[in-house]
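**Student:** got a structure for you, letters missing:
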């Protein structure tokens, strides 16, 4: 129960689809979404596969709580080998698409092969059609969703699509659903584009079976009450994630100008308060907040650019209310590129949504290009006469759209900062782990986050570990290895439930386990929940090792390891990864080369 018990497999090369029974043993051992989807993926795909080849597969996975009344139970993930990293990728998204996959009767959608010409999938319960993407290919995500609704005469169809960035192979292209919710990181949209798959449009009419409905309703009500009373939840509802801008700005852990600095003098101009404050024209950036399926948090932001701003003054198509600045977007196309123009940053965020790009890697790659420009490694000849300097809002607006379209120098930035900086002989300017750009936390002030970045299976990521509480209390290395390891396991399990990670502001492992147990009828307690997360983490690690990654890839950029922070809590500090990594390996049950021991694998059933 809670699982639908069905997998939809679509082979684009053959133009076929078939429904298979879900492997229930795997469902019990790996739960769903990140865990279950990854299990299917690693069992079916050669780790050495080229991410953009037809042999790679793309798996859309829901969790057992997806589509239920559990708070935030609308999540789905896209699992594949990342085009940006070459590592295992699971990009998680909210909105309403994940629940619709479940309502159509499927726990997983496995996409194989490559269509001869651009196509899209139309799924209505068990009716599955592979249709020509005529009139859709080349369109933005926004236009694609509009045309699907018009084509099928139904505005309740949920659409997950790629934009032009995914079509041309931008390495950090993402899959966008519901206009501005995205499976964002690691280049999953480029993999989708390589298969000539424009979108997956779904309409479902089935309910989600619950094992013990009375018990489930009671436990869900209790957990919703916990969320409602949480002060952290209230903060997310009122200010969204961009309230973090003040925290990291004041602490001195805000990556700025491609990590040359650890705080940004203009952060107050792009924070949550500035979004809610009228500007000189009386315009307020924030329109309202928004929520995903079954969400009782509502951290999403809906924003509108000042109609008089240069970015949209002559462009009515972008004078709309749409997905506004989350913290990671505000940091990436704000502080990281040295821009304190909230409307310019919002425009860059709109480009990420419309053209289908991960805003974190978008900003990080632009920042790397800006450093290449400022140091003379590239010039106007390469950029097409764009003055690509830190702080240039006009340049940010121009280049973000060019990247989305794959035009001019924008297409080169679309390779991601690692390939871009290697091409222009300055690999040290790429602020990445395993090829994936940093999120909005400087690892010199936040030592635990540095360890989390270095060991993340999908490359630098702020959502794979949770050392935030301890990192904001002290700049130190002792105890960080255990905090990072334990939180990585818990996060992996939460990511497998179908609920949003933000529920952890009020819930612990016991709270998730109780809801899963009532919904599925399985005996799941806090200990078993932890173990599922640890199993998922080690499974991902095994895939990466087989793909060619080694302990040498568990590192941080030279700048972070050798150039001390100039200001803030971490002033004078570099990240001391070398002090934390050996202890981390030991706690994981891995040898000194970062390889899980036979004992660890046996204990976890791997």
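**Tutor:** Good, I have the coordinates. Just so it is clear, the model here is predicted, and its values are computed rather than measured.

**Student:** May I have the beta-bridge partners of the nearest residue to residue 132 once chain neighbours are set aside?
**Tutor:** Of all residues not flanking residue 132 in the chain, residue 119 sits nearest, at 6.0 Å (Cβ to Cβ, 6 or more residues apart in numbering). Placement of C-beta: from N, CA and C, glycine included. Counting by DSSP bridges, residue 119 forms beta bridges with residue 132, residue 197.

**Student:** can you pull the pLDDT of residue 119?
**Tutor:** For residue 119, the pLDDT comes out at 98.

**Student:** First-to-last residue distance for stretch 2-13?
**Tutor:** Counting by Cα to Cα, to the nearest Å, you get 32 Å between the two ends of stretch 2-13.

**Student:** and what of stretch 557-566?
**Tutor:** For stretch 557-566, the first-to-last residue distance is 17 Å (Cα to Cα).

**Student:** one step back: how many residues are close by the residue nearest to residue 132?
**Tutor:** Per other Cβ atoms under 10 Å, the neighbour tally for residue 119 reads 24.

**Student:** surely it meets residue 200?
**Tutor:** No - using Cβ atoms under 8 Å, residue 119 is not in contact with residue 200, being 10.4 Å away.

**Student:** just to revisit the earlier point, contact partners for the residue nearest to residue 132?
**Tutor:** Contacts for residue 119 (Cβ atoms under 8 Å, 6 or more residues apart in numbering) come out as 12, 130, 131, 132, 133, 196, 197, 198.

**Student:** Turn these into a markdown table, including neighbour count.
**Tutor:** Listed next are those as a markdown table, based on neighbours: other Cβ atoms under 10 Å:
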| residue | neighbour count |
| --- | --- |
| 12 | 21 |
| 130 | 18 |
| 131 | 13 |
| 132 | 13 |
| 133 | 22 |
| 196 | 19 |
| 197 | 26 |
| 198 | 30 |
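
**Student:** Need the residues that contact stretch 302-314.
**Tutor:** Against stretch 302-314 from outside (Cβ under 8 Å, 6+ apart): 275, 279, 281, 283, 285-290, 318-325, 343-344, 346-347, 350, 394, 397.

**Student:** Can you tell me which of those are buried?
**Tutor:** 275, 285-286, 289-290, 318, 322-325, 343-344, 346-347, 350, 397 (16 or more other Cβ atoms under 10 Å).

**Student:** count of neighbours near residue 71?
**Tutor:** 27.

**Student:** any idea how far residue 296 is from it?
**Tutor:** According to Cβ to Cβ, to the nearest Å, residue 71 stands 5 Å off from residue 296.

**Student:** what sits in contact with each of these two?
**Tutor:** With Cβ under 8 Å, 6+ apart as the test, residue 71 and residue 296 both reach 224, 227.

**Student:** related to what we said a few turns ago, now, the contacts of stretch 302-314 that are in strands?
**Tutor:** 286, 287, 288, 289, 290, 322, 323 (DSSP state E).

**Student:** would CSV of these with distance to residue 468 and pLDDT be doable?
**Tutor:** Shown next, in CSV, are the ones in strands among the contacts of stretch 302-314 (distance: Cβ to Cβ, whole Å; pLDDT from 0 to 100):
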residue, distance to residue 468, pLDDT
286, 24, 98
287, 29, 97
288, 27, 97
289, 22, 95
290, 24, 94
322, 28, 97
323, 24, 97
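
**Student:** closest to residue 187 among these?
**Tutor:** Using Cβ to Cβ, residue 323 is the member of the ones in strands among the contacts of stretch 302-314 that lies nearest residue 187, at 20.0 Å.

**Student:** Please look at that closest one and residue 179 and confirm they touch.
**Tutor:** Yes - the criterion here is Cβ under 8 Å, and residue 323 meets it with residue 179 at 6.8 Å.

**Student:** Now for those two: what residues contact both?
**Tutor:** Residues touching both residue 323 and residue 179 (Cβ under 8 Å, 6+ apart) are residue 353.

**Student:** what's the distance between the nearest residue to residue 155 once chain neighbours are set aside and residue 198?
**Tutor:** Among residues not flanking residue 155 along the chain, residue 149 sits closest, at 4.8 Å (Cβ to Cβ, 6+ apart). Distance, residue 149 to residue 198, using Cβ to Cβ: 15 Å.

**Student:** so the residue lying closest to residue 251 once chain neighbours are set aside, which of the three states?
**Tutor:** Take residue 251 and drop its neighbours on the chain: the residue closest to it by Cβ to Cβ, 6+ apart is residue 569, 5.2 Å away. Taking DSSP: H, G, I helix; E, B strand; the rest coil as the rule, one finds residue 569 in the coil state.

**Student:** what about residue 569, how many neighbours?
**Tutor:** 21.

**Student:** what sits against it?
**Tutor:** Residue 569 neighbours (Cβ under 8 Å, 6+ apart): 251, 252, 253, 445, 475.

**Student:** Can you name the residues in contact with stretch 280-289?
**Tutor:** Against stretch 280-289 from outside (Cβ under 8 Å, 6+ apart): 237, 240, 274-279, 298-308, 321, 324-325, 342-343, 346.

**Student:** mind checking the end-to-end distance for stretch 192-199?
**Tutor:** Terminal residues of stretch 192-199 are spaced 9 Å apart (Cα to Cα).

**Student:** about what we covered before: quick one: secondary structure of the residue nearest to residue 155?
**Tutor:** Under three-state DSSP, residue 149 comes out as helix.

**Student:** Surely it and residue 158 touch.
**Tutor:** No - counting by Cβ under 8 Å, residue 149 sits too far from residue 158 to count as a contact (10.2 Å).

**Student:** Looking at the two, which one has more neighbours?
**Tutor:** Ranked by neighbour count (other Cβ under 10 Å), residue 149 and residue 158 place residue 158 first, with 24 against 15.

**Student:** Would you map out the domains in the chain?
**Tutor:** Domains of the chain are assigned by automatic domain parsing as 6-203, 256-430, 446-603.

**Student:** could I get the ones you listed as a markdown table with distance to residue 221?
**Tutor:** Formatted as a markdown table, the domains of the chain follow (distance: least, Cβ to Cβ, whole Å):
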| stretch | distance to residue 221 |
| --- | --- |
| domain 6-203 | 9 |
| domain 256-430 | 11 |
| domain 446-603 | 11 |
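
**Student:** Show me the helices in the stretch 51-200 of the chain, by range?
**Tutor:** 97-103, 141-152, 164-168, 188-194 (DSSP state H, counting those that start in this stretch).

**Student:** picking up where we left off before, find the pair from the buried ones among the contacts of stretch 302-314 with maximum spatial separation.
**Tutor:** Every pair of the buried ones among the contacts of stretch 302-314 checked by Cβ to Cβ; the farthest is 289 and 397, at 25.3 Å.

**Student:** I'd like to know how many residues surround residue 566.
**Tutor:** By other Cβ under 10 Å, 14 other residues sit near residue 566.

**Student:** Could you pull up the residues touching it?
**Tutor:** Residue 566 sits in contact with 261, 262, where contact means Cβ under 8 Å, 6+ apart.

**Student:** quick one: it from residue 262, how far?
**Tutor:** Taking Cβ to Cβ, one finds residue 566 at 7 Å from residue 262.

**Student:** Between these two, which contacts overlap?
**Tutor:** With contacts defined as Cβ under 8 Å, 6+ apart, no residue is adjacent to both residue 566 and residue 262.

**Student:** Which elements pack onto the lengthiest helix in the chain?
**Tutor:** Counting by DSSP state H, the longest helix found in the chain is helix 526-547. With contacts taken as 3 or more Cβ pairs under 8 Å, 6 or more residues apart in numbering; DSSP states H and E, helix 526-547 sits against helix 24-30, helix 33-44, strand 88-93, helix 480-494, helix 509-520, helix 598-603.

**Student:** can you put the ones you listed in JSON lines and add distance to residue 386 and mean pLDDT?
**Tutor:** Shown next, in JSON lines, are those (distance: least, Cβ to Cβ, whole Å; pLDDT from 0 to 100):
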{"stretch": "helix 24-30", "distance to residue 386": "47", "mean pLDDT": "97"}
{"stretch": "helix 33-44", "distance to residue 386": "39", "mean pLDDT": "98"}
{"stretch": "strand 88-93", "distance to residue 386": "30", "mean pLDDT": "98"}
{"stretch": "helix 480-494", "distance to residue 386": "39", "mean pLDDT": "98"}
{"stretch": "helix 509-520", "distance to residue 386": "47", "mean pLDDT": "97"}
{"stretch": "helix 598-603", "distance to residue 386": "51", "mean pLDDT": "98"}
